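okay, sequence plus prediction incoming.
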Amino acid sequence: MSPEPTVPYDPLSIIAPEIAERARQVRLVCLDVDGTLTDGRLYFDAAGNEMKSFSVLDGQGLVQLRKFGFHVALVTARPSLVAQKRGADLGLDTHIGVLDKLACMDGLLERHGLDRGQACFVGDDLPDLDCLRVVGLSVAPATAHPWIAEQVHWRTRARAGEGAVREVCDVLLAAHGHVPAILAGHGSRDGRRA
């Protein structure tokens, strides 16, 4: 008996067609950190040093976005050396301790000659709401607060810190037609570790 043929993973199959159309317009991806790239829990040792847990799946997705020409930025309100290091490790444009996320995002759009319709924002709670309301593609992880989840264009299947951001990256890469190049091995030659 021969094995059943496998169906290749198609990121666009998990979203509605209108989300795929929005994804095709995106050139700038802005991400909150806590509750988006992490599970939202904060860990401190006895000396008060902060620790966070990040998914390498998310990291690899962000590396691929950069490789294929997307502008990628971390925009977080919480001051965090850990988030700063993670952003630097991935080569991301990192903005830490941001009180006005919308102004920060608008500044990034202006710098890159883009408009809000070409931006994707991924966030999970109230500090992200202003950005989520105006971008071309707004996304919340499965674990986002309900007030946020009901405001976004799309909610991921994956939980925050457990591949939610990779899900977003895969959809964007697929919507822009980059998956064949990635699978052919051209997407893995960055040398940057996720």
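Yep, that arrived.

and the longest strand for this structure?
Using DSSP state E to define each element, the chain has its longest strand at strand 71-76.

Asp106 belongs to a helix, doesn't it?
Yes - Asp106 sits within a helix when classified using DSSP: H, G, I helix; E, B strand; the rest coil.

tell me the contacts of it?
Contacts for Asp106 were tallied using Cβ atoms under 8 Å, 6 or more residues apart in numbering; they are Arg116. C-beta: built from backbone N, CA, C; applies to glycine.

touching whichever helix or strand comes after the longest strand of the chain from outside, list them.
Using DSSP states H and E, the helix or strand that follows strand 71-76 in sequence is helix 81-90. Residues from elsewhere that reach helix 81-90, judged by Cβ under 8 Å, 6+ apart: 33-34, 37, 50-52, 54, 59, 62-63, 66, 72, 74, 76, 93-94, 96, 192-194.

if we use 7 Å, what do you get?
Contact partners of helix 81-90, identified using Cβ atoms under 7 Å, 6 or more residues apart in numbering, comprise 33, 50-52, 54, 59, 62-63, 74, 76, 94, 96, 192.

now stretch 94-102
73-77, 79-80, 83-84, 87-88, 104, 127-128, 130-131.

mark which of the residues you listed are buried, thanks.
73-77, 80, 83-84, 87, 104, 127-128, 131 (16 or more other Cβ atoms under 10 Å).

could you identify the most distant pair in these?
Using Cβ to Cβ, the buried ones among the contacts of stretch 94-102 reach their maximum pairwise distance at Gln84 and Cys131, which is 20.0 Å.

from Gly97, how far out is Val171?
Here the distance between Val171 and Gly97 works out to 29 Å (Cβ to Cβ, to the nearest Å).

my bad, Ala119
From Ala119 to Gly97 the distance is 21 Å (Cβ to Cβ).

quick one, which of Val171 and Gly97 is more surrounded?
Val171 (25 against 11; other Cβ atoms under 10 Å).

torsion angles phi and psi at the more buried one?
When read as degrees, to the nearest 10, the backbone of Val171 gives phi -60, psi -50.
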